[in-house]
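Colleague: I would like the atomic coordinates for the input below:
(one chain, ligands or ions: 1)
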Amino acid sequence: MTRVESVIQVEGLVKSYADFRAIDGISFEVRSGETVGLLGPNGAGKTSTMRVLAGLSPWDEGRVRVCDLDAATQGRNIRQIMGVVTQHDGLDGEVTVRQNLELFAYLSGVSRQRAHARADEVLAFFSLTARADDEVDDLSGGMKRRLAIARALMIEPQVIVLDEPTTGLDPHSRAQVWEKLAQLKSDGVTVLMSTHYMDEAAILCDRIAIMDRGRILALAPPHELIERYAGDDVVEIRLDVKDRQRVRDALTAAGIAWRELGAMFRVLDADPDLSALQNVPGLRIERRSANLEDVFLRLTGKELDND
Ligand SMILES: Nc1ncnc2c1ncn2[C@@H]1O[C@H](COP(=O)(O)OP(=O)(O)OP(=O)(O)O)[C@@H](O)[C@H]1O
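Modeller: Here you go, the predicted structure:
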């Protein structure tokens, strides 16, 4: 199949569970070779979107196309060119690592000979060759995740969709998965992934869709999102004393917008005049570079990891 510039096209997608709109009219595209991330907290609608794309779930309104194939009528063809990694790996724990890969490939129409050769390739790529004959239940969580991605690659897909690829993994295993996803990207594989980790989105994605409550609030490269919605620097105020009310009063009197986050106050103005706070004892004002967490806070009024 020839490569198309726009690999995934979603237009006006709506999906409801009973009368609740989990996806509320989203549109986006993923271009050939791009990694696009859906970034949002629990319940934003990321999994619902991924499930529609993977052909696992029906939808109510809108158009979904993958490599010029219409998901409404050509789902079977889409599954031959799209690798899917769901949140729950769906690996068979009682057969070996290699059998998981090869069985999946046969069921997808790959010949036995090709499946065997391809399994060798993906096992090597994911540093799993030494575990090929072990039962999946004996693998660590990080290895299982790598195997789930390896399995999706058995069909040599043009595009891969991954739902929260590193949720639940320890930092070392997350870094290993990131390294492999970065390699896939440099090999030209098109990737759509969902995540609620800001660092994961910033490291891996060319463009990020900020999602909340079934909507895409912004979609752009990470640095553009930060420039547009958070500015260069963010001011945070930390208190060594318990006089939080005094800080609130001083900020209000100075007309400064802020949010209280745990033990600190995050100032929402880009260049605030904080002279009114000079006399509050035990107060520390810090400046740091803005990040995607700040973008999310500006767009939604809440933190990324909170519901
Ligand atoms: N089968 C279902 N029946 C009813 N409501 C559902 C169902 N699946 C999801 N929802 C609701 O739809 C909304 C979006 O859920 P979804 O799983 O798509 O979000 P998410 O961004 O992937 O969150 P998470 O990170 O928790 O997976 C949530 O409010 C969720 O409770």
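Colleague: where does the prediction get shaky in the stretch 1-150 of the chain?
Modeller: 1-4 (pLDDT under 70).
Colleague: residues from it in reach of the ligand?
Modeller: Counting by C-beta under 6 Å from any ligand atom, the stretch 1-150 of the chain comes close to the ligand at 17, 22, 40, 42-48. In short, each C-beta sits where N, CA and C put it, glycine included.
Colleague: go through those and flag which are in helices.
Modeller: The helices, defined by DSSP state H, take in 46-48 from these.
Colleague: out of those residues, who's the most crowded?
Modeller: Within these, neighbour counts (other C-beta atoms under 10 Å) peak at residue 46, which reaches 26 neighbours.
Colleague: what's near enough to touch that residue?
Modeller: For residue 46, the contact set (C-beta atoms under 8 Å, 6 or more residues apart in numbering) comprises 38, 40, 163-164, 194-196, 211.
Colleague: what's the neighbour count on residue 60?
Modeller: 10.
Colleague: now swap in residue 209 and tell me
Modeller: 28.
Colleague: doesn't it belong to a strand?
Modeller: Yes. If the criterion is DSSP: H, G, I helix; E, B strand; the rest coil, then residue 209 is within a strand.
Colleague: contacting residues for it?
Modeller: 26, 28, 36-39, 216, 218-219.
Colleague: out of those residues, the closest to the ligand would be?
Modeller: residue 38 (7.7 Å; C-beta to the nearest ligand atom).
Colleague: that closest one: which element?
Modeller: strand 35-39 (DSSP states H and E).
Colleague: packing partners of that strand?
Modeller: With contacts defined as 3 or more C-beta pairs under 8 Å, 6 or more residues apart in numbering; DSSP states H and E, the packing partners of strand 35-39 are helix 46-53, strand 190-195, helix 198-204, strand 207-212.
Colleague: give me the three-state assignment for residue 92.
Modeller: Residue 92 ends up coil, using three-state DSSP.
Colleague: that one and residue 101 touch, don't they?
Modeller: No. Contact between residue 92 and residue 101 fails when scored by C-beta atoms under 8 Å: they sit 10.7 Å apart.
Colleague: quick one, helices of the chain?
Modeller: Counting by DSSP H, the helices of the chain are 46-53, 75-79, 97-107, 112-125, 141-152, 171-186, 198-204, 222-229, 244-253, 292-300.
Colleague: so which of those gets nearest residue 132?
Modeller: helix 97-107 (4.4 Å; C-beta to C-beta).
Colleague: using PDB, write out every CA atom in that closest one.
Modeller: Extracted in PDB, the C-alpha atoms of helix 97-107 (Å, rounded to 0.1, in the frame of the first residue of the first chain):
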ATOM      1  CA  VAL A  97       6.700 -15.200  24.700                       C
ATOM      2  CA  ARG A  98       7.500 -16.500  21.200                       C
ATOM      3  CA  GLN A  99       4.200 -18.400  20.900                       C
ATOM      4  CA  ASN A 100       2.300 -15.200  21.800                       C
ATOM      5  CA  LEU A 101       4.000 -13.400  19.000                       C
ATOM      6  CA  GLU A 102       3.600 -16.100  16.400                       C
ATOM      7  CA  LEU A 103       0.000 -17.100  17.200                       C
ATOM      8  CA  PHE A 104      -1.000 -13.500  16.900                       C
ATOM      9  CA  ALA A 105       0.700 -13.200  13.500                       C
ATOM     10  CA  TYR A 106      -0.900 -16.400  12.100                       C
ATOM     11  CA  LEU A 107      -4.300 -15.100  13.300                       C
END
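Colleague: number of residues surrounding the residue in the stretch 151-300 of the chain positioned nearest to the ligand?
Modeller: When scored by C-beta to the nearest ligand atom, the stretch 151-300 of the chain has residue 196 as its residue closest to the ligand, at 5.6 Å. A count of neighbours around residue 196, defined by other C-beta under 10 Å, yields 20.
Colleague: quick one: buried ones out of the contacts of residue 46?
Modeller: 38, 40, 163-164, 194-196, 211 (16 or more other C-beta atoms under 10 Å).
Colleague: quick one: those as TSV, columns for distance to residue 296 too.
Modeller: Compiled in TSV, the buried ones among the contacts of residue 46 are given as follows (distance: C-beta to C-beta, whole Å):
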residue	distance to residue 296
38	13
40	8
163	19
164	16
194	14
195	12
196	10
211	10
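Colleague: and residue 92 and residue 101? Which one has more around it.
Modeller: Legend: neighbour count by other C-beta under 10 Å for residue 92 and residue 101, higher for residue 101 (24 against 14).
Colleague: wait, the more buried one touches residue 114, no?
Modeller: No. The pair residue 101 / residue 114 is not scored as a contact, 11.8 Å apart, by C-beta under 8 Å.
Colleague: ok, the closest residue in space to residue 122 that isn't next to it in sequence - contacts?
Modeller: Spatial nearest neighbour of residue 122, chain neighbours left out: residue 150 (4.2 Å); criterion: C-beta to C-beta, 6 or more residues apart in numbering. For residue 150, the contacting residues are 101, 122-123, 125-126, 128, by C-beta under 8 Å, 6+ apart.
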